[in-house]
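Participant: Here is my input; please provide its structure:
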Amino acid sequence: MSSRKKTVTRLDSSYMQQYDAYIERQKRKKQRLIRRLVLFSIAVVLIIGSLAAYHVKQRILHAETVKQYESLEEDIENLNKEGAYLKEEIELLNDEEYVLDIARTNYFFSKEGELIFKIPNEEPLY
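Facilitator: Down below sits the predicted model:
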């Protein structure tokens, strides 16, 4: 079709000039609208992306904090058990019979007329 010659001539009237100006204004309005929509879309994507990144960082921080909390709870439980054991040991060490029994088994103290035989690789009883 491009090889055909245009046979319609354009009139140079004031109406046609106004119509051309109207069409040009509509094109510019459409271009501005597209630019605004693109800019708004970019802004929305940036905001959503930054919020998503912040959310992920907070989730990671929360998971680390929970893990640390559980570890500290476990440490507290172990320390409480050790404290209870040490309190029991203190009470036992206040008993003279217990101290004498430890001295006899670990340090080879004996009673009058008693013989002590050392058995190798023997663990202490206390």
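Participant: Can you tell me the SS state at residue 4?
Facilitator: Classification of residue 4 using DSSP: H, G, I helix; E, B strand; the rest coil returns coil.
Participant: swap in residue 114?
Facilitator: coil.
Participant: Check what pLDDT residue 50 gets.
Facilitator: Note for residue 50: predicted pLDDT of 98.
Participant: which secondary structure element contains it?
Facilitator: helix 14-93 (DSSP states H and E).
Participant: Buried by neighbour count: which residues of the next helix or strand after that helix qualify?
Facilitator: Using DSSP H and E, the helix or strand that follows helix 14-93 in sequence is helix 96-106. Neighbour-count burial for helix 96-106, counted by 16 or more other Cβ atoms under 10 Å, picks out residue 102. The C-beta positions use only the backbone N, C-alpha and C, and glycine is treated the same way.
Participant: Dump helix 96-106 to CSV, keeping only the CA atoms.
Facilitator: What follows is helix 96-106 as a C-alpha-only set of coordinates in CSV (Å, rounded to 0.1, in the frame of the first residue of the first chain):
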residue,chain,number,x,y,z
GLU,A,96,31.9,-36.4,109.7
GLU,A,97,31.2,-40.0,108.7
TYR,A,98,31.1,-39.1,105.0
VAL,A,99,34.4,-37.2,105.2
LEU,A,100,36.0,-40.1,106.9
ASP,A,101,34.6,-42.5,104.3
ILE,A,102,36.1,-40.4,101.5
ALA,A,103,39.4,-40.2,103.2
ARG,A,104,39.5,-43.9,103.7
THR,A,105,38.6,-44.7,100.1
ASN,A,106,40.6,-42.1,98.2
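Participant: Helix 14-93 and that one, what's the angle between them?
Facilitator: Comparing the axes of helix 96-106 and helix 14-93 via axes from the mean of the first three to the mean of the last three Cα atoms, to 10 degrees yields an angle of 90 degrees.
Participant: So that it lines up with my notes, have the first residue be 684 from now on.
Facilitator: With 684 as the first residue, the last one maps to helix 779-789.
Participant: chain center to the helix or strand of the chain with the lowest mean pLDDT: distance?
Facilitator: When each helix and strand of the chain is scored by mean pLDDT, DSSP states H and E, helix 779-789 comes last, with a mean of 82. Put simply, helix 779-789 sits 53 Å off its chain's centre (Cα atoms, centre = their mean, to the nearest Å).
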